[in-house]
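[1] Quick one: sequence and predicted model below, then my questions.
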Amino acid sequence: MQPATIFLSTAFFTMAMACSTDEAPASPVTPGSSSGTTGDVESTTLEAETTTAPPSPDSSGTTDEPGTTPTCGDAVVSEGEACDDGTNDGRYGGCEPGCGALGPRCGDGIVDPEGYETCDAGEANGTVACNRWCKISGSRLAELEGPLSYTSESHLIVRTDSGRIFVVAMSPRTLWEFTIHEDGSLETVSKLNFQQLLDGNVLPSSVVSFVSADGDDALAIAGSKSNMHELYVFDVGAPGEFSVGAPWQFLTDVPNDGTTDLLSVGASHWLIGDAHSGGPNDVQGRWIHRFPSLDILSPATSSMIWYGSSERPRPRGFVDPETGYVAMFQGRVGFVADHMRLSVHEPTSAEEVFFDFDFEHEAPVVICARPEGGMLVLARTTVGAGQTVALGYQVDPDGSLVGDGEVVLDLGAGMYLEHCATGRDSILLTGQVDGRSIAVAVEDVFGPQPTIAWQHVDLSVGLRVAETAGEALYHDGRYFVTLGYQAGVVVFAE
């Protein structure tokens, strides 16, 4: 059976099994009310978004204990009361005066601008163009100017265990933290050129991951240069205050090609990359450095596997949240034909428990989780000029890797999707087309009816139009997309 095909272009996006144009999704029908929404996604006025989910009737107060006299305003839901939040002033998400009815909220079927709603389809929210947070899917919610990279790539966005959001720009090397206000707007908390903290050591590559150590937030940045690999750990426990300890350093006896991934595997951390042997019979290999903790004194375990190839394998990894196994994909590992090598590793020992070869695809681009479970791998085919495809995989409990979907992305000339972020119902793919930034949200990628939910081309912050869309982050019903060339961050509703 031939895989489904998604056709993408700068003018419109269509799908073999479903269609979508650059227009806004159809306005949701508001059950039981004449209130609704209209408008084009691209021209949607910047709206602020509430970060607190509206309370349910059960959360608008506690219940009375036996022997107490019920009183509206005591923050206790008593018999005959619909709610009681203690204030009962009819505010958005609260309780009406008299405790007889809930206040306006997302899901009541009435669009409430004071509650930062742009739509409300009642019980249909999340199944139509109006999402679960009463925002038009794909609508632009907020933006914040840089600083980000002077270059078109190497701008990374991550969130710590405590919910803080950071952007790492690699040129200049800037660590930037911003906060989300209650109304959904963004504000810079701090920014720091972290190159001065590295004391002239190895220049970090564009690999970044957040980890948590002893309850404090820490940012791990991996770097490599020549035959040395390093891992820096920044203490970002206090907003605006950063410090970095001595880096882990690894000297190898082979030329290094680069760090390609950094994974948090339980309490340990895996630094992954590739290298070549040098000399007339130069071949490529994959290396893994494993750190049991962020303690600089803890020993690390290293391993190297050589392949009969003259091309970089560029390994990428994925930690399966269901089984805990680590799946790895690497490309170009054969002299006869380009192909990918697939493997699954035990998370404690890194022992390889499964491997296979894929002769139809030559290199992984990026891997992300799927909302329904499993992973999506963007890869390039070995046929013709090399199409980009979305491959679906699941890790079985025994550690075997099972493919469960393939969708061809017909990108056309000059279009590259190189990053992905996982939402509650969709996956956002970002990149560029002929020097223009692009973001595409896709739902049910490997299902019976894959759908492009929305898309944007020529993303901008203020008057700056970005040439490429970089890494994205999903948080609380929103996609945060980084834009290159000092543009900044733009936020879209899922």
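    In hand now; what should we look at?

[2] Give me the number of neighbouring residues for Met304.
    Other residues near Met304 come to 13 when the count uses other C-beta atoms under 10 Å. Using the backbone N, CA and C atoms, a C-beta is placed for each residue, glycine as well.

[3] Please tell me how far it sits from Ser264.
    Applying C-beta to C-beta, to the nearest Å, the value for Met304 to Ser264 is 22 Å.

[4] And Tyr416, by the same measure?
    27 Å.

[5] next one: Leu219
    12 Å.

[6] Could you check which of these two is surrounded by more residues?
    Leu219 (23 against 14).

[7] for the residue lying closest to the more buried one once chain neighbours are set aside, what are its contacts?
    Take Leu219 and drop its neighbours on the chain: the residue closest to it by C-beta to C-beta, 6 or more residues apart in numbering is Phe234, 4.2 Å away. When contacts are counted by C-beta atoms under 8 Å, 6 or more residues apart in numbering, Phe234 touches Leu175, Phe194, Leu197, Ala218, Leu219, Ala220, Ile221, Phe242, Ser243, Val244.

[8] got a winner among those residues for most neighbours?
    With neighbours defined as other C-beta under 10 Å, the most crowded of the contacts of Phe234 is Ile221; it has 26 neighbours.

[9] Now it: phi and psi?
    Ile221 adopts backbone torsions of phi -120, psi 120, taken as degrees, to the nearest 10.

[10] Use 24 as the first number for this chain going forward.
    I'll keep to 24 as the first residue from here, and by that count the last item is Ile244.

[11] mind checking how far it is from Val512?
    Separation of Ile244 from Val512 (C-beta to C-beta): 19 Å.

[12] what do you get for Arg187?
    For Arg187, the distance to Val512 equals 14 Å [C-beta to C-beta].

[13] Check whether Leu286 really touches Trp293, as I assumed.
    Yes. At 4.4 Å, Leu286 counts as touching Trp293 under the criterion of C-beta atoms under 8 Å.

[14] Which pLDDT does the model give Glu46?
    If you check Glu46, the pLDDT there is 35.

[15] quick one on the thing from earlier: is it possible to get a markdown table of the contacts of Phe257 that adds distance to Gly308?
    Shown next, in a markdown table, are the contacts of Phe257 (distance: C-beta to C-beta, whole Å):
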| residue | distance to Gly308 |
| --- | --- |
| Leu198 | 32 |
| Phe217 | 30 |
| Leu220 | 31 |
| Ala241 | 30 |
| Leu242 | 28 |
| Ala243 | 23 |
| Ile244 | 23 |
| Phe265 | 34 |
| Ser266 | 35 |
| Val267 | 30 |
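
[16] ok, of the residues you listed, which one's closest to Ala444?
    In terms of C-beta to C-beta, no member of the contacts of Phe257 lies closer to Ala444 than Leu242, at 18.6 Å.

[17] would the closest one count as being in a strand?
    Yes. Using DSSP: H, G, I helix; E, B strand; the rest coil, the assignment for Leu242 is a strand.

[18] what's near enough to touch Phe265?
    Each residue near Phe265 by C-beta under 8 Å, 6+ apart is listed here: Leu198, Ser213, Leu215, Phe217, Leu220, Phe257, Asp258, Val259.

[19] Just these: which are in strands?
    Using DSSP state E, Leu198, Ser213, Leu215, Phe257, Asp258, Val259 are the members of those that sit in strands.

[20] Taking those, tell me the two that lie furthest apart.
    Pairwise distances across these peak at 13.5 Å for Ser213 and Asp258 (criterion: C-beta to C-beta).

[21] all helices of the stretch 74-223 of the chain, in order?
    Assigned by DSSP state H, counting those that start in this stretch, the helices in the stretch 74-223 of the chain number zero.

[22] Wait, Cys153 touches Asp143, no?
    Yes. Using C-beta under 8 Å, Cys153 is in contact with Asp143, at 6.5 Å.

[23] more crowded one of these two?
    Between Cys153 and Asp143, counted using other C-beta under 10 Å, Cys153 has the larger neighbour count: 30 against 27.

[24] I'd say Arg163 and Phe503 touch.
    No. Taking contacts as C-beta under 8 Å, Arg163 lies outside contact range of Phe503: 12.0 Å.

[25] quick one: the strands in the stretch 224-373 of the chain?
    Using DSSP state E, counting those that start in this stretch, the strands found in the stretch 224-373 of the chain span residues 227-236, 239-248, 251-261, 264-267, 271-274, 279-288, 291-299, 307-314, 324-330, 339-342, 349-354, 363-368.

[26] Arg187 and Val512: which has the busier surroundings?
    The neighbour comparison of Arg187 against Val512 (other C-beta under 10 Å) goes to Val512, with 25 against 19.

[27] For that one, report the pLDDT, please.
    Predicted confidence (pLDDT) for Val512: 91.

[28] what helix or strand does it sit in?
    strand 511-516 (DSSP states H and E).

[29] Listing partners with orientation, what would you give for that strand?
    Sheet pairing of strand 511-516 (DSSP bridges) gives strand 163-168 (antiparallel), strand 501-506 (antiparallel).

[30] Can I get that strand in CSV, CA atoms only?
    C-alpha atoms of strand 511-516 as CSV (Å, rounded to 0.1, in the frame of the first residue of the first chain):
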residue,chain,number,x,y,z
GLY,A,511,12.3,36.7,18.4
VAL,A,512,9.5,34.3,19.5
VAL,A,513,6.0,34.2,18.1
VAL,A,514,3.1,32.3,19.8
PHE,A,515,0.2,30.5,18.1
ALA,A,516,-2.8,28.8,19.5
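
[31] List of residues touching it?
    72, 141, 154, 156, 158-169, 171, 180, 190, 201, 207, 209, 462, 464, 477, 479, 482-485, 487, 500-506.
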